[in-house]
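> What follows is a predicted protein model with its sequence.
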Amino acid sequence: MTPAHLAAPPHGIPVSPLLTCHPEKQRLYGADTYFQESHEQLAALTGDIIGFAHRHAVLLLKPDAVVARRLDAAVDWLTAQRFRIVGAAVTRLTRTMIRSLWYFQWNLATPYRRRLAALFLEDADALVLLVRPDDDLDLPASVELTRLKGPTDPDARRPGQLRHVLGRYSYLLNLAHTADEPADVLRELAVHFDDTARDRLFRSALAYEDRTACARGLTDRLYAATEPRDLDFDPAVARLRDIVARHGGADPAADPRRLLQTAWERGIDLDPWDTVIVGSKVLPMRQPGRAPVLDGADAETWRRHLDTVRATAN
């Protein structure tokens, strides 16, 4: 047994408060395999892990952005916001990866959301962009990019935000995801990529390479591998009504939620994208009364946090 006067051995590695605002995230990420992998790999490449994590952000352009043909718009938006793409790679959002990526937030998801996510996230590959701002910021790049990206709620998005530019479809079809904080930048790169792929990304970023042309080439490749889709709600509802009526389902005039549930009850084979488009609008996506296990922090929270950490260090 460990003597009472000795602390129990830690479950993981120390996580600097400069990587996250949340003490609980420090504890959990220190014991998280994905975070550890990136942290250890970066330590072998640079002595400035915190600096790297602060200077870089990760943007995931999901399969809905691919089929909606909005990857080019995202690359153009990054350029306009003075973010340089220093790494680009394709990823496949499998069932396991989805749960790993949002492991500490997926407790909010309803069964409907999990079912719908499985229909579209694995339908096409996705694009990961590692970016760095051209200008010096007083915040981590990930926090600033998340602010500029805009919220999940389509009604709360504002002109100029990335998610507004890409299209305000639904809570689930939001086309883009960003790593919230510096700690998430490290962890999410390890969720997406193995050691070899991460090494390429880290080295490209450390050399401050411009990988915009690579991102555009991968965009062409992703487009060539998928059919374009219209993600608008009304046409999807019309197609749903048609297929349910042809299979002798519910009254075609029924509301979209009832149409969808009838199709599921009767085992009617539906187009997965139409199912997601309609379902993500009419079905609950978030469990009421629940908070995520871990969350990000807004810009002002981060500014206060940095002031506190620096004051403590002095």
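Perfect, I can see it now. Here the structure is a predicted model, which is why all the values come from computation and not from measurement. Numbers count the residues shown, from 1 in each chain.

> which stretches of the chain have low pLDDT?
For the chain, the stretches flagged by pLDDT under 70 are 1-9, 249-250, 252.

> Just give me the residue right at the centre of it.
Of all residues in the chain, the one closest to the mean position by CA atoms, centre = their mean is residue 177, 3.0 Å from it.

> Surely it and residue 60 touch.
Yes - counting by CB atoms under 8 Å, residue 177 touches residue 60, with 4.3 Å between them. Any C-beta I mention is one placed from the backbone N, CA and C, and that applies to glycine too.

> does the residue nearest to the centre of the chain belong to a helix or a strand, and which?
Assessed by DSSP states H and E, residue 177 sits inside strand 176-178.

> Ok, residue 96 next?
helix 95-101.

> Show me which positions of that helix end up buried.
97, 98, 100, 101 (16 or more other CB atoms under 10 Å).

> try stretch 41-56
41, 42, 49, 52, 53, 54, 55, 56.

> got it, and stretch 148-167?
Buried-residue list, stretch 148-167, by 16+ other CB under 10 Å: 148-151, 154, 157, 161-167.

> where do the strands sit along this protein?
57-61, 83-91, 126-133, 176-178 (DSSP state E).

> Please tabulate those in JSON lines and include distance to residue 301 as additional columns.
Formatted as JSON lines, the strands of the chain follow (distance: least, CB to CB, whole Å):
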{"stretch": "strand 57-61", "distance to residue 301": "17"}
{"stretch": "strand 83-91", "distance to residue 301": "22"}
{"stretch": "strand 126-133", "distance to residue 301": "19"}
{"stretch": "strand 176-178", "distance to residue 301": "16"}
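
> Residue 112 is nearest to which of these?
strand 176-178 (19.4 Å; CB to CB).

> what packs against that closest one?
Counting contacts by 3 or more CB pairs under 8 Å, 6 or more residues apart in numbering; DSSP states H and E, strand 176-178 packs against strand 57-61, helix 141-149, helix 162-166.

> who's in contact with that strand?
Strand 176-178 has contacts (CB atoms under 8 Å, 6 or more residues apart in numbering) with 57-62, 65, 74, 142, 145-146, 149, 162-163, 166.

> Let's see if you can find the most crowded of those.
residue 57 (29 neighbours; other CB atoms under 10 Å).

> my read: that residue touches residue 147, true?
No - using CB under 8 Å, residue 57 makes no contact with residue 147, being 10.6 Å away.

> which residue packs closest to residue 36, ignoring adjacent ones?
Leaving aside its sequence neighbours, residue 36 sits nearest to residue 13 (CB to CB, 6 or more residues apart in numbering; 5.9 Å).

> picking that back up, out of the buried residues of stretch 41-56, flag the one nearest to residue 173.
The closest of the buried residues of stretch 41-56, once distances to residue 173 are taken by CB to CB, is residue 56, at 26.7 Å.

> Which strand residues bridge the closest residue to that closest one other than its chain neighbours?
Of all residues beyond its chain neighbours, the one nearest residue 56 is residue 132 (5.3 Å), with distances taken as CB to CB, 6+ apart. Beta-bridge partners recorded for residue 132 (DSSP bridges): residue 84.

> ok, now which ones touch residue 132?
Counted by CB under 8 Å, 6+ apart, residue 132 has contacts 55, 56, 57, 83, 84, 86, 141, 205, 208.
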